[in-house]
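1. Okay, sequence plus prediction incoming.
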Amino acid sequence: MTVAPPAAGTEGTGGRPVPPGGWLGWATSTDHKRIGLLTIGTSLVLFLLMGVLALIMRSQLAQPDLHVVDAHTYNQLFTIHGSGMIYMVITPFALGMGVYLVPLQVGAPGIAAPRLTLLGYWLYLLGAVMMLSGFATPTGAHAGGWFSYPPLADKEHSPGLGSDLWIAGVFLATTGVILMGWTVLWTVLRRRARGMTMLRLPVFCWSQIASCLMVIGAFPALLAALTLLAVGRADASVFASNVWNIGYQHLFWFYGHPVVYVMFFPYLAAVAEVLAVFSGRRFFGYKGTVLSLLVFAALSMSVWGHHMFATGQATNDYYSLTSIALLVPAGIEYFGMIGTVLGGRLRFPTPMLFALAFIPQFLIGGLTGIMVGTPVIDYHVTDSYFIVAHLHYVLFAGSAFGLFAAVYFWFPKVTGTMLGERMGRLHFWLLVIGTNLTFLPMFFLGYFGMPRRVATYEPFDGFGLMNLLSSIGAGFLAAGMTVFAVNVLWALRKRALGRAEAAGDDPWGAYTLEWATSSPPPRLNFAPDRPLPPVTSFVPLLDLRERQAREAAAAQEGNPS
């Protein structure tokens, strides 16, 4: 019998078409790993760009009455910086990690609806380009703030094409994130390997479930708010009624509070994975943490009104109570992290350093969040630099440190090579110094009356010293991010030249299924000649090693020679 040769373009893939090479292969790929890397890489580039905008702002505020940029330019900078970090960096990176890691962690050969996932990425990228292109318009980029309350964002106060591009860009990017959220959730629910029950999912997968539920439940409210804003820009009479103004705020904050948890659940879970591996033990309180993530996600949909205490349009007692109730699931998660570390056999590579720093720094952000969820305190500090400090301790001192823990931890799995440890430690210490020197003084500035969104201040205000310290801290952050960029580029260059030392499939001795395949993983994640280990808990590789150790010990006892 004559066997027909494989069809052109299908060699070595079991009859499946070989994807095109080069940039076209990346642009059209349905491989979830490539889509995840595109999302993560895009968000990291935008992270560096938003950092440059922040440096310009800190230069402007370093001393009283400086004129590095004019007031209108400053308004554009803080709007695009805030919008970029939330809509284009921290949120997409969190979902990008899910796109890359969830199919691997559940033992699936790919993601559900890969073409829909790819469409989500391209909508996100197009949205980011549209938002940034506002700088090229005659009136500049949008200047109404990341939440763009009317009338600040209407046609009269924010004229020009830049604001329209901002609305369209945020709409597209958010739609893309929603699509990615759907596919990640469907993957973890329907494409799990044999034996992987829901209570055998890794903590990271549970964080993605909770995050995707919030994406699906809350993010459409932002699309509705943006549509209302676009209609109001076309017809000024829409926002002449206070009903529509207040309605916009309710729609926006119904999105605006859950997105905070979308921006930290995946990073919290990455920290949990890192802490467990480098403590040499299972994550403490696994079931309690899973329950806390789900309760946290549910409560997040009920607290949006505490952002509106100062408007007089929110029921203070209810929203304050639900805000304070968040302490319970948060406390369970912190108890799990601390319980994992205590009594463990600790190792301190760079991912562990970032994970350990995440715990106290994010705690500051969380506790100050409870403070501003209390009306009597919120009335005093609302729209001040206290809020800026709180938000940055959540999203930078917390989530960004979790982000870097994840990057250093999974980089060898993604690329097959390690990031430099010396440069990683330098990056860590520069960020620890810079983070706290930049954002801690802002609590004092806000408490003593410095309003947010001001382009300058007078010498007699007494804000000069704290602002100078904050601006010096921003310099440390810039140095740290430069070291990180050099570290990544150097590692990738050595890999491209064939001079990088191979990391191996599991350099850390990790616990979840992605470490059971090659580094980087093959097209369908798990090669036929390397079957998945049995899934007996949420740490299958640790179970396998422990079982092998017991069998080896039993064999040794049975054969003392």
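-> Happy to help now that I have it.

2. So what touches stretch 281-299?
-> 199, 203, 206-207, 209-211, 213-214, 258, 261, 265, 272-273, 275-276, 322, 325-326, 328-330, 332-333, 335-337, 339-340, 343-345, 511, 537-539, 542 (C-beta atoms under 8 Å, 6 or more residues apart in numbering). All C-beta spots, glycine's among them, are computed from the backbone N, C-alpha and C.

3. I'd like the mean pLDDT over it, please.
-> For stretch 281-299, mean pLDDT is 95.

4. now stretch 113-130
-> Rounded mean pLDDT across stretch 113-130 is 98.

5. Buried by neighbour count, from the contacts of stretch 281-299: which ones?
-> 203, 206-207, 209-211, 213-214, 258, 261, 265, 272-273, 275-276, 322, 325-326, 329-330, 332-333, 336-337, 339-340, 511, 537-539, 542 (16 or more other C-beta atoms under 10 Å).

6. In helices, which of those residues fall?
-> Secondary structure assignment by DSSP state H places 203, 206-207, 209-211, 213-214, 258, 261, 265, 272-273, 275-276, 322, 325, 329-330, 332-333, 336-337, 339-340, 542 of the buried ones among the contacts of stretch 281-299 in helices.

7. Tyr124: what's it in contact with?
-> Tyr124 touches Thr39, Thr42, Met88, Pro92, Leu172, Ala173, Gly176, Val177, Met180, counting by C-beta under 8 Å, 6+ apart.

8. nearest residue to it other than its sequence neighbours?
-> Leaving aside its sequence neighbours, Tyr124 sits nearest to Gly176 (C-beta to C-beta, 6 or more residues apart in numbering; 3.6 Å).

9. what's near enough to touch the one you found?
-> Pro92, Leu119, Gly120, Tyr121, Trp122, Leu123, Tyr124, Leu125, Gly127.

10. Could you do Met423 as well?
-> So Met423 contacts Val483, Phe484, Val486, Asn487, Trp490 (C-beta under 8 Å, 6+ apart).

11. And Asp543, by the same measure?
-> Taking C-beta under 8 Å, 6+ apart as the test, what Asp543 contacts is Pro533, Pro534, Thr536, Ser537.

12. And it, how close does it get to Ala516?
-> 12 Å (C-beta to C-beta, to the nearest Å).

13. and if you look at Ser158?
-> 52 Å.

14. Compare the two (neighbour count), which wins?
-> Ser158 (25 against 21; other C-beta atoms under 10 Å).

15. hang on, isn't the more buried one packed against Ala141?
-> No - at 10.1 Å, Ser158 and Ala141 do not qualify as touching, with contact defined as C-beta atoms under 8 Å.

16. If I look at Pro20, what pLDDT would I see?
-> On the pLDDT scale, Pro20 gets 70.

17. shaky segments in the stretch 151-300 of the chain?
-> The model of the stretch 151-300 of the chain has no residue with pLDDT under 70.

18. what ranges do the helices span in it?
-> For the stretch 151-300 of the chain, the helices defined by DSSP state H, counting those that start in this stretch cover 161-190, 203-234, 242-256, 258-262, 265-279, 286-300.

19. Using a markdown table, please lay out those helices together with distance to Ile80.
-> Shown next, in a markdown table, are the helices of the stretch 151-300 of the chain (distance: least, C-beta to C-beta, whole Å):
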| stretch | distance to Ile80 |
| --- | --- |
| helix 161-190 | 8 |
| helix 203-234 | 16 |
| helix 242-256 | 17 |
| helix 258-262 | 17 |
| helix 265-279 | 23 |
| helix 286-300 | 26 |
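
20. Which stretch among those helices is buried most, on average?
-> Across those, averaging neighbours per residue (mean count of other C-beta atoms under 10 Å) puts helix 265-279 on top, at a mean of 27.

21. Show me what that helix is packed against.
-> helix 91-105, helix 203-234, helix 286-300, helix 327-341, helix 350-372, helix 401-415 (3 or more C-beta pairs under 8 Å, 6 or more residues apart in numbering; DSSP states H and E).

22. could I get the ones you listed as a markdown table with distance to Leu445?
-> Below are the helices and strands packed on helix 265-279 laid out as a markdown table (distance: least, C-beta to C-beta, whole Å):
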| stretch | distance to Leu445 |
| --- | --- |
| helix 91-105 | 27 |
| helix 203-234 | 29 |
| helix 286-300 | 28 |
| helix 327-341 | 26 |
| helix 350-372 | 14 |
| helix 401-415 | 23 |
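
23. Quick check: which of the ones you listed is nearest to Leu251?
-> helix 203-234 (3.9 Å; C-beta to C-beta).

24. Report the inter-axis angle for the closest one versus helix 265-279.
-> 160 degrees (axes from the mean of the first three to the mean of the last three C-alpha atoms, to 10 degrees).

25. What ranges in the stretch 451-561 of the chain fall below the confidence cut-off?
-> 560-561.

26. mind running it again at 80?
-> 557-561 (pLDDT under 80).

27. coming back round to it: looking at the contacts of Met423, which is nearest Trp186?
-> Phe484 (33.3 Å).

28. element containing that closest one?
-> Following DSSP states H and E, one finds Phe484 within helix 464-496.

29. May I see the buried residues of that helix?
-> 464, 466-481, 483-484, 487-488, 491, 495.

30. again, but for stretch 103-117
-> Buried, per 16+ other C-beta under 10 Å, within stretch 103-117: Pro103, Leu104, Gln105, Val106, Gly107, Ala108, Gly110, Ile111, Ala112, Ala113, Pro114, Thr117.

31. Surely Tyr255 touches Ala225?
-> Yes - assessed by C-beta under 8 Å, Tyr255 is found in contact with Ala225 at 7.0 Å.

32. where's the nearest residue to Val238 once chain neighbours are set aside relative to Ser163, distance?
-> With sequence-adjacent residues excluded and distances taken as C-beta to C-beta, 6+ apart, Val238 is closest to Gly232, at 4.1 Å. Distance of Gly232 to Ser163, given as C-beta to C-beta: 11 Å.

33. do Ile324 as well
-> 37 Å.

34. pretty sure Met214 contacts Met301?
-> Yes - with contact defined as C-beta under 8 Å, Met214 reaches Met301; the gap is 7.3 Å.

35. still on that earlier bit, just put the contacts of Met423 in CSV and tack on distance to Ile433.
-> Output for the contacts of Met423, formatted as CSV (distance: C-beta to C-beta, whole Å):
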residue, distance to Ile433
Val483, 12
Phe484, 14
Val486, 18
Asn487, 18
Trp490, 23
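
36. of the helices of the stretch 151-300 of the chain, which approaches Ala310 most closely?
-> That would be helix 242-256 among the helices of the stretch 151-300 of the chain, by C-beta to C-beta, at 10.9 Å.

37. quick one: the helix holding Phe484 to helix 350-372, angle?
-> Going by the same axes, to 10 degrees, helix 464-496 makes 150 degrees with helix 350-372.

38. from the chain's centre, how far out does helix 464-496 sit?
-> Its chain's C-alpha centre and that of helix 464-496 lie 19 Å apart, by C-alpha atoms, centre = their mean, to the nearest Å.

39. what helices or strands is it leaning on?
-> Looks like helix 464-496 contacts helix 32-61, helix 401-415, helix 421-447 (3+ C-beta pairs under 8 Å, 6+ apart).

40. which of these sits most buried?
-> helix 401-415 (a mean of 24).

41. mind exporting that one as CSV, just the C-alpha atoms?
-> This file holds the C-alpha atoms of helix 401-415, laid out as CSV (Å, rounded to 0.1, in the frame of the first residue of the first chain):
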residue,chain,number,x,y,z
PHE,A,401,5.6,43.7,42.4
GLY,A,402,3.4,40.6,41.8
LEU,A,403,3.8,41.2,38.1
PHE,A,404,7.6,41.1,38.4
ALA,A,405,7.5,38.1,40.7
ALA,A,406,5.5,36.4,37.9
VAL,A,407,7.9,37.6,35.1
TYR,A,408,11.0,36.3,36.9
PHE,A,409,9.3,33.1,37.9
TRP,A,410,7.8,32.1,34.5
PHE,A,411,10.5,33.6,32.2
PRO,A,412,12.5,30.4,32.0
LYS,A,413,9.4,28.4,31.1
VAL,A,414,8.5,30.8,28.4
THR,A,415,11.9,31.3,26.9
